[in-house]
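Student: no letters, just coordinates:
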C-alpha cells in the first residue's frame with residue numbers, strides 16, 4: 001500500500017472522520033483529504049504525529065513495501081510537544097491576496113487624505129497673515145478645521161471598511177501558520193512578479209520625498225510673503241501625499257506575501273512581539289491625538305499644531321525600534 005492508502009486505513013480503523021483526524025493533527029480537513037487522495041504529502045512533523053496517533057512506525061507509513069503494522073508502539077512526546085498551528089488553504093491564501101490588493105489603493109488614498117488634510121487651514125492662514133481677501137480669523141480657522149476633520153473622517157471610514165474586510169485574516173500577523181500544498185509556491189511566484197512594481201514604487205516615493213522640499217526652500221530665499229510660502233508648503237504636502245500613497249500601496253501588497261510566507265516582518269520571532277507593539281501603538285496615537293487637541297483648541301493655533309503629526313510619525317518609528325530592541329534583549 002502507498003502512504004495515502006495507509007493513512008485512510010489507519011484513520012478508519014480508529015473510527016475517526018477526516019475532520020477528527022485533522023483536529024488531532026492541528027491541520028485542515030482539506031489537508032487530510034489531499035493526503036488520502038495522494039495529492040500532497042505532509043511534512044515530517046505531521047508524519048511523526050500520525051505514527052504516534054495510529055500506533056505505527058514511520059517506516060510503515062512511508063515505505064510502500066512495509067506492510068506489517070507495528071503493534072503497541074508507545075506514544076512519544078511528539079504529539080504533546082508539537083504545536084497546533086492554523087493551516088492556510090489555497091482558497092484562503094488566494095482570497096487574502098485578492099483582498100489586500102483591492103484594499104491597498106483604498107488604504108493608500110486614506111493615508112494621503114490625512115497628509116493633505118491641513119492644506120486649506122494653511123492656505124487660509126497665509127491669506128490671514130497677508131491681509132488678502134479680508135478673511136477673518138474665525139472664518140479661516142472654522143473652514144480650515146472643518147475641511148481637516150472632514151478629510152480625516154473620510155480616511156477613517158476607508159480604514160475601518162478595509163479593516164473589516166481583512167479582519168478574518170488578522171491571525172496571519174500574530175499566529176504561527178502552516179500552508180497547504182502549493183500555497184508557498186503560488187505566493188512566491190506572485191511576489192516575484194510584483195517585485196519590480198514594488199521596487200519602482202519605493203524608488204519613486206523616495207525621490208518625491210527628496211524633491212518635495214525644493215519649492216519651499218527656494219521660495220524661502222526669494223520672498224517673505226507668507227501666502228507664497230504657504231503655497232509652497234501646500235505643494236510639499238501634495239508631493240509627500242503622493243509618495244506616501246506609493247509607499248502604503250506597494251507596502252501592503254508586499255506585506256501580504258510576507259505574511260503567508262512568514263518572512264520579513266512576519267517571521268516567527270517577530271510575530272511574538274506583535275501583540276505588544278499593537279498595544280503600544282494604540283496608547284501612543286491616543287496620546288498624540290490628546291496632545292494635538294489640547295494644544296489646538298485653547299490656543300487656536302491650528303495652522304501650527306498640525307506639525308504634531310509628522311513629528312509624532314518620526315518619533316513613533318524611534319519608539320517602535322526601541323521596544324523591539326528591549327523585547328529582543330529579554331528573549
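Tutor: That came through fine. Because the structure is a prediction, the values reported are computed rather than measured.
Student: every contact and neighbour count from this point should use C-alpha atoms.
Tutor: Noted.
Student: and the pLDDT for residue 41?
Tutor: pLDDT, the model's per-residue confidence, is 82 for residue 41.
Student: over to residue 183?
Tutor: With respect to pLDDT, residue 183 scores 88.
Student: just give me the neighbour total for the closest residue to it other than its chain neighbours.
Tutor: The spatially closest residue to residue 183, leaving aside those adjacent along the chain, is residue 90, at 5.5 Å (CA to CA, 6 or more residues apart in numbering). Residues within reach of residue 90, counting by other CA atoms under 10 Å, total 18.
Student: so residue 90 touches residue 180, yeah?
Tutor: Yes. With contact defined as CA atoms under 8 Å, residue 90 and residue 180 form a contacting pair (6.4 Å).
Student: for the longest helix along the chain, name the packing helices and strands.
Tutor: Scanning the chain for the helix with the most residues, using DSSP state H, yields helix 226-261. Applying 3 or more CA pairs under 8 Å, 6 or more residues apart in numbering; DSSP states H and E, one finds that helix 226-261 makes contact with helix 90-116, helix 119-130, helix 171-174, helix 183-211, helix 214-222.
Student: and those as JSON lines, adding distance to residue 32?
Tutor: Rendered in JSON lines, the data for the helices and strands packed on helix 226-261 read as follows (distance: least, CA to CA, whole Å):
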{"stretch": "helix 90-116", "distance to residue 32": "14"}
{"stretch": "helix 119-130", "distance to residue 32": "57"}
{"stretch": "helix 171-174", "distance to residue 32": "22"}
{"stretch": "helix 183-211", "distance to residue 32": "16"}
{"stretch": "helix 214-222", "distance to residue 32": "61"}
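Student: mean pLDDT for those: which is lowest?
Tutor: Taking each of the helices and strands packed on helix 226-261 in turn, the one with the lowest mean pLDDT is helix 119-130, at a mean of 73.
Student: how far does the helix or strand following that helix sit from the chain's center?
Tutor: Toward the C-terminal end, the helix or strand that comes next after helix 119-130 (DSSP states H and E) is helix 137-166. What separates the centre of helix 137-166 from the centre of its chain is 22 Å, taken as CA atoms, centre = their mean, to the nearest Å.
Student: neighbours of residue 15, just the number please.
Tutor: Every residue meeting other CA under 10 Å relative to residue 15 is counted, giving 11.
Student: I'd assumed residue 22 was in contact with residue 29.
Tutor: Yes. Residue 29 lies in contact with residue 22 (CA under 8 Å); the separation is 5.3 Å.
Student: overlap of the contact sets of those two?
Tutor: Shared contacts of residue 29 and residue 22, defined by CA atoms under 8 Å, 6 or more residues apart in numbering, are not found at any residue.
Student: name the residues that touch stretch 91-100?
Tutor: If you take CA under 8 Å, 6+ apart as the criterion, stretch 91-100 is touched by 165, 166, 169, 183, 252, 253, 256, 257, 260.
Student: which residues touch the fourth one?
Tutor: With contact taken as CA under 8 Å, 6+ apart, residue 183 is in contact with 89, 90, 93.
Student: could you check how far the last one is from residue 39?
Tutor: The gap separating residue 93 from residue 39 is 18 Å, by CA to CA, to the nearest Å.
Student: who's more crowded, these two?
Tutor: With other CA under 10 Å as the criterion, residue 93 and residue 39 differ in neighbour count, and residue 93 comes out ahead with 21 against 12.
Student: what about residue 298, how many residues close to it?
Tutor: 8.
Student: next one: it relative to residue 178, how far apart?
Tutor: Using CA to CA, one gets 53 Å for the distance from residue 298 to residue 178.
Student: lowest-confidence helix or strand of the chain?
Tutor: Using mean pLDDT, DSSP states H and E, helix 78-81 stands out as the lowest-scoring helix or strand of the chain, at a mean of 42.
Student: before we move on, back to that, of all the helices and strands packed on helix 226-261, which one is nearest residue 157?
Tutor: Nearest to residue 157 among those is helix 90-116; the distance by CA to CA comes to 8.4 Å.
Student: show me which residues of that closest one are buried.
Tutor: With burial defined by 16 or more other CA atoms under 10 Å, the residues of helix 90-116 counted as buried are 90, 93, 96-97, 99-101, 103-116.
Student: quick check: angle from that helix to helix 183-211?
Tutor: Using axes from the mean of the first three to the mean of the last three CA atoms, to 10 degrees, the inter-axis angle of helix 90-116 relative to helix 183-211 is 10 degrees.
Student: angle of helix 90-116 against helix 226-261?
Tutor: Here helix 90-116 runs at 170 degrees with respect to helix 226-261, directions being taken by the same axes, to 10 degrees.
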